[in-house]
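# just coords:
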Ligand SMILES: Nc1ncnc2c1ncn2[C@@H]1O[C@H](COP(=O)(O)OP(=O)(O)OP(=O)(O)O)[C@@H](O)[C@H]1O
């Protein structure tokens with residue numbers, strides 16, 4: 001396992017926000033975390049990344065998290081937080097280079113080029129970061145984070161907190177296909193928080209759905225993304241349709257009949 005978490009709990013301001021979570025991520029595996037707003041997903045990820053204190057045990061690449069020397073850990077574990085504020089006047093290329101080993105400073109780093117192309121930001125390479133759109137900034141931050149661990153030896157884990165939340169559908173596919181390929185080809189273990197159930201169904205090898213700081217259910221998409229689990233966790237009515245591709249698609253049904261504007265014909269009537 002590239003990541004092993006045992007009985008992890010986190011209290012914030014005297015409240016238990018994450019309670020007794022255990023999980024593991026194997027080399028090459030994509031584990032996705034789901035759950036409603038406030039379920040404790042980001043807090044769990046912050047604890048696993050060592051950003052906040054917790055009780056329980058966290059092992060990264062075979063070694064206790066707290067025993068890693070920081071510069072070594074940075075080559076084994078990369079973290080993309082939910083929000084990254086970038087207001088300094090660096091170019092796209094310079095920001096990605098920040099995450100790379102110092103040996104590449106001052107000369108062309110082929111990994112920077114590879115990441116810019118893979119995440120569709122090569123055309124923005126000389127643009128200043130504060131001028132980028134939200135989705136461009138998010139792809140840039142992912143490139144910077146991936147630059148820390150890509151093409152390096154050893155067990156590695158990637159922690160992603162809603163890394164596609166600002167992206168259009170085509171870029172969501174591009175980014176998650178790249179992350180999945182990185183996992184498969186380089187044996188990186190991925191722990192990713194997502195809200196989009198269909199992206200989770202498509203890209204996760206395994207899912208954990210959280211509610212009120214605890215693991216509510218764990219398994220593959222067909223086991224976790226069922227109408228009854230979605231109703232219990234989100235209070236959300238959905239139809240789950242299996243696709244021939246091997247994963248389901250989730251269609252929201254809303255809380256009752258659709259209220260149409262009186263003068264507007266439905267799409268079916270219009271066609
Ligand atoms: N510093 C803090 N002090 C007290 N409570 C906090 C603190 N930070 C977060 N919380 C609370 O902990 C709970 C879990 O927050 P967390 O950010 O982990 O949720 P989440 O599942 O990631 O939600 P979202 O989907 O909205 O990002 C929330 O109720 C939040 O208000």
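Received, thanks. What you see is a predicted model; the values in this text were computed from it and never measured.
# Helix, strand, or coil at residue 28?
For residue 28, the secondary structure call by DSSP: H, G, I helix; E, B strand; the rest coil comes out as coil.
# Does it touch residue 180 like I think?
No: no contact is recorded between residue 28 and residue 180 when judged using Cβ atoms under 8 Å, the distance being 9.6 Å. No exception for glycine: its C-beta is placed from N, CA and C like everyone else's.
# and the protein, which of its residues are near the ligand?
Applying the criterion Cβ under 6 Å from any ligand atom, the portion of the chain that neighbours the ligand consists of 12, 13, 15, 17, 35, 37, 38, 39, 40, 41, 42, 43.
# Show me the residues you listed that map onto helices.
The helices, defined by DSSP state H, take in 41, 42, 43 from the residues of the chain next to the ligand.
# Can you report how many residues lie near the first one?
Going back to what we said before, that points to residue 41. Using other Cβ atoms under 10 Å, residue 41 has 24 other residues around it.
# tell me the contacts of it?
Applying Cβ atoms under 8 Å, 6 or more residues apart in numbering, one finds that residue 41 lies in contact with 33, 34, 35, 161, 193, 210.
# Can you list the neighbours in contact with stretch 249-263?
Outside stretch 249-263, the residues touching it (Cβ under 8 Å, 6+ apart) are 197-198, 201, 225, 230, 236-241, 243, 266.
# so what pLDDT did residue 271 get?
At residue 271, the model reports a pLDDT of 47.
# Tell me where the stretch 51-200 of the chain has strands.
55-60, 63-64, 77-80, 157-161, 189-193 (DSSP state E, counting those that start in this stretch).
# Please convert those to a markdown table, extending it with mean neighbour count, distance to residue 115 and mean pLDDT.
Below are these laid out as a markdown table (neighbours: other Cβ atoms under 10 Å; distance: least, Cβ to Cβ, whole Å; pLDDT from 0 to 100):
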| stretch | mean neighbour count | distance to residue 115 | mean pLDDT |
| --- | --- | --- | --- |
| strand 55-60 | 17 | 22 | 97 |
| strand 63-64 | 12 | 27 | 94 |
| strand 77-80 | 22 | 12 | 96 |
| strand 157-161 | 24 | 13 | 98 |
| strand 189-193 | 25 | 16 | 98 |
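# so which of the ones you listed comes closest to residue 133?
With respect to residue 133, and counting by Cβ to Cβ, the nearest of those is strand 77-80 at 17.6 Å.
# which intervals of the chain have sub-threshold pLDDT?
Scanning the chain with the threshold set as pLDDT under 70 gives 102-107, 257-258, 264-271.
# Could you rerun that using 90?
Applying pLDDT under 90 to the chain picks out residues 71, 82-89, 94, 97-109, 151-153, 236, 254-271.
# Now do the longest helix that it contains against strand 189-193, angle only.
Using DSSP H to assign secondary structure, the helix with the most residues in the chain is helix 169-186. For helix 169-186 against strand 189-193, the angle between stretch directions is 150 degrees (axes from the mean of the first three to the mean of the last three Cα atoms, to 10 degrees).
# now for helix 169-186, which elements pack on it?
For helix 169-186, the packing partners by 3 or more Cβ pairs under 8 Å, 6 or more residues apart in numbering; DSSP states H and E come out as strand 30-34, helix 134-149, strand 157-161, strand 189-193, helix 197-203.
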